[in-house]
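1. coordinates for the following, if possible.
(chains A and B)
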There are 2 protein chains.
Amino acid sequence: MYRPEIKVVDCTIRDGGLTNNSHFEVEVVRDVYRAACEAGVDYVELGYRNSKKMFSVDEFGAWRFCDEDMLRRATDGIDPRETKLSIMQDAHKAEADDILPKEKSVVDMIRVATYVRDVDKAIWLANNATDKGYECTINIMAISHEGSPMLDEALQQFEAETKAKAVYVVDSFGALYSETVHYLVEKYQMYIKTKEIGVHFHNNQQLAFANTIEGIIKGANFVDGTLYGLGRAAGNCPLELLLGFLKNPKFNLVPILDVIGRRIIPLRNEIEWGYMVPFMLSGILDRHPQTAMKWVEGGGPDKHDYVKFYEMISEDPEQ
Amino acid sequence: MYRPEIKVVDCTIRDGGLTNNSHFEVEVVRDVYRAACEAGVDYVELGYRNSKKMFSVDEFGAWRFCDEDMLRRATDGIDPRETKLSIMQDAHKAEADDILPKEKSVVDMIRVATYVRDVDKAIWLANNATDKGYECTINIMAISHEGSPMLDEALQQFEAETKAKAVYVVDSFGALYSETVHYLVEKYQMYIKTKEIGVHFHNNQQLAFANTIEGIIKGANFVDGTLYGLGRAAGNCPLELLLGFLKNPKFNLVPILDVIGRRIIPLRNEIEWGYMVPFMLSGILDRHPQTAMKWVEGGGPDKHDYVKFYEMISEDPEQ
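-> Below is the predicted model:
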């Protein structure tokens, strides 16, 4: 028995872009887009529309900016079926003026990623999106570092002051367990009455898929995944697991399996992601994965000296 | 707040032995044993004591048989602290006569792995173990393929006819979700009144750790893990995640991190385990991982043609 309200968002290219500064070949993006459309995924997110004033166009690839012409190159000639196109704006790194009126854009949905402290910037961008005719969500990052009363106040504001379709729990650090997922979804439900709740989890503790299920059980109806879990550090909830779990007969796993084998597996020659001890320790200690990523990318003879890494991260004054 | 009744079993060498026919160097086994003892793990399982009549001593390594002299070589000179030594017997592949009286053995616990159909063989071996002075558990394998009324009857028998300390839910195929874990632990609790319930999960769907937590939440007090998830196909619940989650101050993560880096990571040069699409599909379809293992080990140009694998396994008459 399935819940037709559940909407699956594939954010392989957007979140995966944090592993490679959003440098994906257009053909890879096209194949991911096509597979998501054929699989019946509800939304496919092809990148950020962040500000070129804040990100260097030399350093970052096209999918950090998602100009309309690039999005058309990624999607032209592909039948979207029921799949909608999403992009993300970071509340503190994006501009309202970069968003065209909906009728001039191929984009259907804009997701605004924000920290609780940037609540008013997020509302500004969310209202800019909905006023211009887009669907919108608000994704509260680093949720494991947020507590009452600031989070409660932000939730009240998002409920009262925006027309977002959903407000997300985003476990940026892969630190949540099922009980904390339950707690947070229930807290959101105290304030979010006219919108859906979304969940987006990272896999530091191999809990991204499990926590997504727990979110669904508690009533979250927007759920994120990426192909083969592609994403920064330990990565994300694998989309293929999510589709395997959901019972909606509209989903078709075959195009997803195909594109993983052809397009995602080869990326492993350039990008290292997935469960590793340093990312696990970041998750357990509820830290940003940056230190662990540097450790892993640095390689060297100490790469697997996990005790040394543990001592270093435990003493990190940024705790 | 921790539950002191929870007992952690490291079965790295025993379950990991299914990846390499139990061929581990003695020094690796010693280091795993030492780390488990230093970490405060309650039990460490160093292999099977299966029958040399049913397993070739040429093909299988020492840890498939766990002769007493080998166990002594693995443990001599190492302070066990509070850690007890476990071995496993397969109900249909082991013999009661291979078990010495406890006072002549270094073993503390014998775990009997069984299918429901072998309930009476399992009881025979379990009673042999407890009669000879050992602790004992009964581990019901392939639980996702077992239903009422046979499972209920087996549970009644294990409760009434054995002195086992625990009866385990063993998700051999990595097919369970949190709701099925809850269902099974509750079913066990209907019958198992004088013993603990144990949980042992496989990671085909990246749910081994998550399901272990769910088992704990429901009251299971015997929980299994392996270092870095070492185990057949997608592997097991990673012990390091489990210790990171449990709050009992007696646990020390440091020796575990150390031995993973020094002894387990290098095994990846010979053994491939962990989350992969073919194992994921086995889990979703609730199949034995054997077909997927052959596919992965076979390598070749089709290795990542997951659509082909999916079609093959979907048509498998062994469904």
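
2. residue of chain A nearest chain B, please.
-> A:Ala210 (3.0 Å; CB to the nearest CB). To be clear about C-beta, it is placed using only N, CA and C from the backbone, and glycine gets the same treatment.

3. show me the contacts for that residue.
-> A:178, B:178, B:206-207, B:209-211 (CB atoms under 8 Å, 6 or more residues apart in numbering or on different chains).

4. same question, A:Ala154
-> Here A:Ala154 is in contact with A:116, A:119, A:140 (criterion: CB under 8 Å, 6+ apart).

5. the same query, at a cut-off of 6 Å, please.
-> A:116, A:119 (CB atoms under 6 Å, 6 or more residues apart in numbering or on different chains).

6. in a helix, A:Glu153, correct?
-> Yes - counting by DSSP: H, G, I helix; E, B strand; the rest coil, A:Glu153 is found in a helix.

7. state the distance from the residue nearest to it when sequence neighbours are not counted to A:Gly274.
-> Once flanking residues are discounted, A:Glu153 sits nearest to A:Val119: 7.7 Å by CB to CB, 6 or more residues apart in numbering or on different chains. Separation of A:Val119 from A:Gly274 (CB to CB, to the nearest Å): 33 Å.

8. could you do A:Phe201 as well?
-> 14 Å.

9. which one's more surrounded, the two?
-> The neighbour count for A:Phe201 versus A:Gly274, taken as other CB atoms under 10 Å in any protein chain shown, is higher for A:Phe201 (28 against 19).

10. quick check: nearest residue in space to A:Glu270, chain neighbours excluded?
-> A:Asn20 is the one closest to A:Glu270 (CB to CB, 6+ apart), at 6.9 Å.

11. residues from the stretch 101-250 of chain A in reach of chain B?
-> For the stretch 101-250 of chain A, the residues in contact with chain B (CB under 6 Å from any CB of the partner chain) are A:205-207, A:209-210, A:241, A:244.

12. list the buried residues for the helix or strand harbouring A:Arg72?
-> A:Arg72 is part of helix A:68-75, with elements assigned from DSSP states H and E. Buried residues in helix A:68-75, counted by 16 or more other CB atoms under 10 Å in any protein chain shown: A:70-71, A:74-75.

13. returning to what we had before: in a strand, the residue of chain A closest to chain B, correct?
-> No - going by three-state DSSP, the assignment for A:Ala210 is helix, not a strand.

14. circling back to that earlier point, so the residue nearest to A:Glu153 is in which element?
-> Per DSSP H and E: helix A:119-131 holds A:Val119.

15. which other helices and strands does that helix contact?
-> strand A:109-114, strand A:135-140, helix A:150-161 (3 or more CB pairs under 6 Å, 6 or more residues apart in numbering or on different chains; DSSP states H and E).

16. pLDDT averaged over that helix - what is it?
-> Averaging pLDDT along helix A:119-131 yields 98.

17. got it, and stretch A:251-269?
-> Stretch A:251-269 shows a mean pLDDT of 97.

18. equivalent analysis for stretch A:298-318, please.
-> 87.

19. how deep is A:Gln189 tucked in, by neighbour count?
-> There are 14 residues near A:Gln189, going by other CB under 10 Å.

20. how about the strands of chain A, start to end?
-> For chain A, applying DSSP state E gives strands covering A:7-10, A:43-48, A:84-90, A:109-114, A:135-140, A:166-171, A:196-201, A:222-225.

21. what pairs with the last one, and is each one parallel or antiparallel?
-> Think strand A:222-225. Here strand A:222-225 has these sheet partners by DSSP bridges: strand A:7-10 (parallel), strand A:196-201 (parallel).

22. what pLDDT, on average, does the shortest one get?
-> In other words, strand A:7-10. For strand A:7-10, mean pLDDT rounds to 98.

23. chain center to that strand: distance?
-> Counting by CA atoms, centre = their mean, to the nearest Å, strand A:7-10 is centred 10 Å from the centre of its parent chain.

24. what does it rub up against?
-> A:36, A:41-44, A:222-224, A:239.

25. between the residues you listed, which is closest to B:Gln189?
-> A:Val223 (31.1 Å; CB to CB).

26. need the contact list for the closest one.
-> With CB under 6 Å, 6+ apart, A:Val223 has these contacts: A:8, A:199, A:212.

27. identify the residues contacting the last one.
-> Applying CB under 6 Å, 6+ apart to A:Thr212 gives the contacts A:199, A:201, A:223, A:237.

28. name the nearest residue to the first one, ignoring sequence neighbours.
-> So the one you mean is A:Val199. Using CB to CB, 6+ apart and skipping residues adjacent in sequence, the residue nearest A:Val199 is A:Gly215, 3.5 Å away.

29. domain ranges for chain A?
-> As assigned by automatic domain parsing, chain A contains the domains A:7-269, A:277-315.

30. and the pLDDT for A:Lys104?
-> pLDDT at A:Lys104 comes out at 98.

31. for the one 4 residues further on, same thing?
-> In this prediction, A:Asp108 carries a pLDDT score of 98.

32. pull up the gap between it and A:Met88, please.
-> 13 Å.

33. these two - which one has more neighbours?
-> Neighbour totals were compared for A:Asp108 and A:Met88, and A:Met88 leads with 23 against 17 (other CB under 10 Å).

34. that one reaches A:Leu46, doesn't it?
-> No - with contacts counted by CB atoms under 6 Å, A:Met88 stays clear of A:Leu46, the gap being 9.4 Å.

35. number of residues surrounding the spatially closest residue to A:Thr83 that is not a sequence neighbour?
-> Leaving out its chain neighbours, the residue that sits closest to A:Thr83 by CB to CB, 6+ apart is A:Cys37, at 4.3 Å. The local packing of A:Cys37 (other CB under 10 Å) involves 21 other residues.

36. how many other residues sit next to the residue lying closest to A:Leu155 once chain neighbours are set aside?
-> Spatial nearest neighbour of A:Leu155, chain neighbours left out: A:Tyr191 (3.8 Å); criterion: CB to CB, 6+ apart. For A:Tyr191, the neighbour count with other CB under 10 Å is 18.

37. equivalent analysis for A:Glu103, please.
-> Quick note: A:Glu103 (other CB under 10 Å) scores 7 neighbours.

38. flag the shaky bits of chain A, pLDDT-wise.
-> The model of chain A has pLDDT under 70 over residues A:316-319.

39. now do the helices in it.
-> For chain A, applying DSSP state H gives helices covering A:12-16, A:26-39, A:68-75, A:119-131, A:150-161, A:178-191, A:208-218, A:239-245, A:254-259, A:277-284, A:290-298, A:306-315.

40. gap between the shortest one and the chain center?
-> What that stands for is helix A:12-16. For helix A:12-16, the distance to the chain centre is 7 Å (CA atoms, centre = their mean).

41. re earlier: got the CA coordinates for the helix holding A:Arg72 in CSV?
-> Below are the C-alpha coordinates for helix A:68-75, written out as CSV (Å, rounded to 0.1, in the frame of the first residue of the first chain):
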residue,chain,number,x,y,z
GLU,A,68,18.6,28.7,-18.4
ASP,A,69,20.6,27.8,-21.6
MET,A,70,22.5,25.1,-19.7
LEU,A,71,19.3,23.6,-18.3
ARG,A,72,17.9,23.6,-21.8
ARG,A,73,20.9,21.8,-23.1
ALA,A,74,20.4,19.2,-20.3
THR,A,75,16.8,18.7,-21.0
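
42. what packs against that helix?
-> helix A:26-39.

43. if we use 8 Å, what do you get?
-> helix A:26-39, strand A:43-48, strand A:84-90 (3 or more CB pairs under 8 Å, 6 or more residues apart in numbering or on different chains; DSSP states H and E).
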